[in-house]
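# Predicted structure and sequence below. I'll ask about it afterward.
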Amino acid sequence: GARFALPAGRDAETARERARAAVGRGFNRIDAARAERDRLVAEIGDPPQRPWIYLIVATGDIYEDIPQAQAAARAGADVIAVIRSTGQSLLDYVPEGATREGFAGTYATGENFRLMRAALDETSRETGRYIRLTNYASGLCMPEIAALAGMHRLDMMLNDSMYGILFRDINPIRTFVDQRFSRQVHARAGIIINTGEDNYLTTADAVEAAHTVTVSQLLNERFAHEAGLPDRLLGLGHAFEINPDLPESFRLELAHALLARQLFPDAPLKWMPPTKHMTGDVFRGNLLDGFFNLAGVMTGQSILLVGMMTEAVVTPWLSDRDIALQNVRYVLNACAGLAEDFRPPPDGFIARRANQVLGEAVDLLERIVDDGLLDAIADGTFGIMKRPADGGRGLDGVAKRADDYWNPAAEVLDADKEPAR
């Protein structure tokens, strides 16, 4: 029978050399994909406007997703996100091959990444702008999916520091270890990460909890810089989720959006549409999405996720997406450049509200410094979710490093961290 032993001496060095060679082949693929992206962007061109228009496509069947994604790109989408099948973040392995049976989303697999990237390359050439592809590096297989994304030339990945802890009950230690490694991979691959602060506002009130979004953005920025991810790859998230019946709700939304833009001037901010207060009235919903689009243009957001008037009713039909894209195209065309004219007075309502939120964020950060981040998460500070450090899924996969621990991938990634700024 087979016998296993830890190699020592010359055997250990041979093992290290072979491990380095195996990992090196993966890094070669990631580096080649990054170079190919740079080449294609130079050849085909970026979208002519910011914000980039970001649209979700996911039927569960990759072969249905592809024509829908291509149709969305032809109708104006600049970024296609293929949302994952329900529950994939709880799988401690990555499925293999093309899949056709996802529920409310399509499984993230290497083959699905390859198929969609190839299809969008065709559409990029057809439309004359490089169409970016997004998926999700979160959950129990965050680092594995990050590596697959790098090798298959995805351009953006959802990768929040606390999302899995708060909303999927994944162990906090496991999550922080995995997100650091995955962000190092994203930095190497030149992938823009998107963070998930918008999720807090679906569980907590968007006015009362506005400062927790700012705190999370600052934490995500710190963790990203520590992992070597520069500002240009840091797609911090925030959302248009204030109850529209609240007096002056739009002014409050402008204050929050402008605060994020001014705090992170070099980050490609991702602005998320209303979902919590969509009622099923599609006419009201389309108007609310129009106000969201207007706030995004006025405050110079970088990535605009297209809102759907059928949010909270059905998974959007192609016709719903078409109407939603018409809304975005009208606002972006009619209001292009409006950000340069929008200068709220320093003593006005918007500036006062932004200063209030920033002050509350600083106060909360000072409390976290005293208590520690893990205790703050356990106390329900973010999204009203209480997640203790010794609980959650995946805890059995966490182990302390041995004295002679060695990881060939970490050796490479730790060596090539680029300066954060």
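In hand now; what should we look at?
# centre of the chain versus the host helix or strand of E17, how much separation?
Here E17, judged by DSSP states H and E, is contained in helix 9-44. How far helix 9-44 lies from its chain's middle: 24 Å, per Cα atoms, centre = their mean, to the nearest Å.
# For the following helix or strand past that helix, C-alpha coordinates in PDB please.
Helices and strands here follow DSSP H and E; after helix 9-44, the next one along the chain is strand 52-56. The C-alpha coordinates for strand 52-56 follow below in PDB (Å, rounded to 0.1, in the frame of the first residue of the first chain):
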ATOM      1  CA  TRP A  52     -20.200  51.500 -17.500                       C
ATOM      2  CA  ILE A  53     -23.600  49.800 -17.800                       C
ATOM      3  CA  TYR A  54     -23.700  46.500 -15.800                       C
ATOM      4  CA  LEU A  55     -26.400  43.900 -16.500                       C
ATOM      5  CA  ILE A  56     -27.100  40.600 -14.900                       C
END
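# What is strand 52-56 packed up against?
Counting contacts by 3 or more Cβ pairs under 8 Å, 6 or more residues apart in numbering; DSSP states H and E, strand 52-56 packs against strand 79-81, strand 303-305, helix 318-334. In short, each C-beta sits where N, CA and C put it, glycine included.
# just checking, what packs against the longest one?
Okay, so that is helix 318-334. Packing contacts for helix 318-334, counted by 3+ Cβ pairs under 8 Å, 6+ apart, involve strand 52-56, helix 62-74, helix 282-298.
# what residues are up against V314?
By Cβ atoms under 8 Å, 6 or more residues apart in numbering, the residues touching V314 are D320.
# pretty sure it is in a helix, no?
No - according to DSSP: H, G, I helix; E, B strand; the rest coil, V314 belongs to no helix; its state is coil.
# Which parts of this structure are strands?
Taking DSSP state E, the strands of the chain run over residues 52-56, 79-81, 132-136, 156-158, 192-194, 234-235, 237-239, 270-272, 303-305.
# which outside residues touch the first one?
Think strand 52-56. Contact partners of strand 52-56, identified using Cβ under 8 Å, 6+ apart, comprise 47, 72, 76-83, 132, 134, 270, 302-306, 321, 325, 328, 332.
# Could you list the paired strands of that strand along with their orientation?
Applying DSSP bridges to the sheet, strand 52-56 is found paired with strand 79-81 (parallel), strand 303-305 (parallel).
# Leaving out chain neighbours, which residue sits closest to E36?
The shortest distance from E36 to any non-neighbouring residue, by Cβ to Cβ, 6 or more residues apart in numbering, is to R153 (6.2 Å).
# Please report phi then psi for that neighbour.
Dihedral angles phi and psi of R153 (degrees, to the nearest 10) take the values phi 60, psi 50.
# Surely it and A118 touch.
No - using Cβ atoms under 8 Å, R153 is not in contact with A118, being 9.7 Å away.
# Counting neighbours, go ahead and name the busier of these two.
R153 (26 against 12; other Cβ atoms under 10 Å).
# Poorly predicted segments of the chain, please.
Within the chain, the ranges that satisfy pLDDT under 70 run 418-421.
# re the thing from before, who wins for proximity to R188 among the helices and strands packed on helix 318-334?
R188 sits nearest to strand 52-56 of all the helices and strands packed on helix 318-334, at 22.5 Å, using Cβ to Cβ.
# returning to that earlier point: now the strands of the chain in JSON lines, with mean neighbour count?
Shown next, in JSON lines, are those (neighbours: other Cβ atoms under 10 Å):
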{"stretch": "strand 52-56", "mean neighbour count": "23"}
{"stretch": "strand 79-81", "mean neighbour count": "26"}
{"stretch": "strand 132-136", "mean neighbour count": "25"}
{"stretch": "strand 156-158", "mean neighbour count": "26"}
{"stretch": "strand 192-194", "mean neighbour count": "27"}
{"stretch": "strand 234-235", "mean neighbour count": "25"}
{"stretch": "strand 237-239", "mean neighbour count": "27"}
{"stretch": "strand 270-272", "mean neighbour count": "27"}
{"stretch": "strand 303-305", "mean neighbour count": "26"}
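# Present those as CSV; the columns should include distance to H256.
As requested, the strands of the chain are arranged in CSV below (distance: least, Cβ to Cβ, whole Å):
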stretch, distance to H256
strand 52-56, 19
strand 79-81, 22
strand 132-136, 23
strand 156-158, 21
strand 192-194, 18
strand 234-235, 17
strand 237-239, 7
strand 270-272, 10
strand 303-305, 15
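# and of these, who's closest to E96?
Across the strands of the chain, closest to E96 is strand 132-136 (Cβ to Cβ), at 15.5 Å.
# Who are the packing partners of that closest one?
strand 79-81, helix 110-127, helix 142-151, strand 156-158.
# Of all the strands of the chain, which one is nearest Y107?
Among these, strand 132-136 comes nearest to Y107, with 10.1 Å by Cβ to Cβ.
# Output the closest one as PDB, restricted to C-alpha atoms.
C-alpha atoms of strand 132-136 as PDB (Å, rounded to 0.1, in the frame of the first residue of the first chain):
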ATOM      1  CA  ARG A 132     -16.500  42.900 -19.600                       C
ATOM      2  CA  LEU A 133     -17.500  39.700 -17.900                       C
ATOM      3  CA  THR A 134     -18.300  39.300 -14.200                       C
ATOM      4  CA  ASN A 135     -18.800  36.400 -11.800                       C
ATOM      5  CA  TYR A 136     -18.600  35.800  -8.000                       C
END
